[in-house]
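J.: make a model of this:
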Amino acid sequence: MINKNTEPAKLVVFIRDGLIEKEYFGYIVRCDKMHIEERIGEDKNYPFYLRSCANPLQASLLIDHELDKKFNLTDEEIAICASTHAGEKIHTEVVRSVLNKFGISPEKLKCGACGDSNLALENHCSGKHAMMLGLCKVNDWDINSYDNINHPVQKAIQEKINKLCEVKTSYPITKDNCGVPVHSMPLANIAKGYLNLFCDPKYARIKKAFLYHSFLIGGADRTDTKIISLSSNLIAKVGASGLCVVVNTEIEEAFVVKLCDEDLKVRELVTIDLINNLHWAKIEIPHTIETNKHEIIGEIVTLLRN
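T.: Residues are numbered from 1 along each chain as shown. This next block holds a predicted model:
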């Protein structure tokens, strides 16, 4: 059992008519490829699960094994393989197109259904699962057990993530909600992994897929889609349990936000305010607390260094 001897920082305060109503805590780590530039909160290099922030890192294998060339994948199809999409019609159509090119039935997807849907295609991680099936196809690996931690595709993913994220220590691995293994590591390693992916010319097609097809990465009202579409050179990816990674591809810096509380609005506020404070972009986001009749009765304050 790992001792979580950490000290999260207070990141957000909700003030309703002068009284502090809610407070949110978490961690931020910003770095370039060589150095930690900033820490907010003492994460003490505690490992956190990547959750869906793993998806772009896993998608690097798509390039390594030349799925893009062998199956003539479009940029949209590459984007969906790295996404955590909202299960909208456009998302499921692109996932189906990927599977058709692989010659694999959607029935082989092991991600399960999400919410009220009965279709695995609408699962937020169906694109990632489709990519895994494609890797099985080109390597002649069994496609019926690709979700098993000891399957060759999962071993290849683990090795690749460790390489990109410069992980040299064994950290816990569990199952993500979609049923496949998900790895853990310190926040700084996550940021370095994203820099090693998105700032490497070898993976230029994944970078292009993010920058030009942000709606496929998330969807309507998704934080990562907003950030990418409202900036010129930023890549963002959210993950469950309060995670968001942002990469400035121009100056080759990245930061990770990890909230202790999974509040999507708060995570978005922290992430966008930090982007604005760093002058990486100028993205408008409301900080007011309003009634149902839109009367302003308070404000939301992010406690970030300018």
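J.: just give me how far stretch 19-39 sits from the chain centre.
T.: Its chain's C-alpha centre and that of stretch 19-39 lie 17 Å apart, by Cα atoms, centre = their mean, to the nearest Å.
J.: now do the buried residues in that stretch.
T.: For stretch 19-39, a neighbour-count test (16 or more other Cβ atoms under 10 Å) marks 24, 26-32, 39 as buried. Quick note: C-beta positions are derived from backbone N, CA and C, even for glycine.
J.: secondary structure and distance to N148 added to the residues you listed, as TSV?
T.: Listed next are the buried residues of stretch 19-39 as TSV, based on DSSP: H, G, I helix; E, B strand; the rest coil; distance: Cβ to Cβ, whole Å:
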residue	secondary structure	distance to N148
Y24	strand	37
G26	strand	33
Y27	strand	32
I28	strand	35
V29	strand	32
R30	strand	36
C31	strand	34
D32	coil	37
R39	strand	37
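J.: among those, which pair sits farthest apart?
T.: Y24 and D32 (27.1 Å; Cβ to Cβ).
J.: excluding chain neighbours, what is closest to the residue nearest to the spatial centre of the chain?
T.: Nearest to the geometric centre of the chain sits C53, at 2.8 Å (Cα atoms, centre = their mean). Among residues not flanking C53 along the chain, G239 sits closest, at 3.6 Å (Cβ to Cβ, 6 or more residues apart in numbering).
J.: list the residues that contact the residue nearest to K33 when sequence neighbours are not counted.
T.: Residue nearest to K33 in three dimensions, not counting chain neighbours: L195, with 5.2 Å by Cβ to Cβ, 6+ apart. Applying Cβ atoms under 8 Å, 6 or more residues apart in numbering, we find L195 in contact with 31-33, 247, 252-254.
J.: one more: D261?
T.: The contact partners of D261, taken as Cβ under 8 Å, 6+ apart, are 24-26, 242.
J.: recalculate using a threshold of 10 Å.
T.: Applying Cβ atoms under 10 Å, 6 or more residues apart in numbering, we find D261 in contact with 8, 11-12, 22-26, 241-242, 267.
J.: please apply the same query to C178.
T.: By Cβ under 10 Å, 6+ apart, the residues touching C178 are 51-52, 55, 84, 109-112, 114, 120, 123-126, 128-129, 147.
J.: which of those are buried, as a ChimeraX select command?
T.: In ChimeraX syntax, the buried subset of the contacts of C178 is picked out as below (16+ other Cβ under 10 Å):
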select :51,52,55,84,109,110,111,114,120,123,124,125,126,128,129,147
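J.: among the contacts of C178, name the ones in helices.
T.: 55, 126, 128-129 (DSSP state H).
J.: in TSV, list those along with pLDDT and distance to C136.
T.: TSV is the format used below for those (pLDDT from 0 to 100; distance: Cβ to Cβ, whole Å):
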residue	pLDDT	distance to C136
N55	98	17
S126	97	15
K128	97	13
H129	98	11
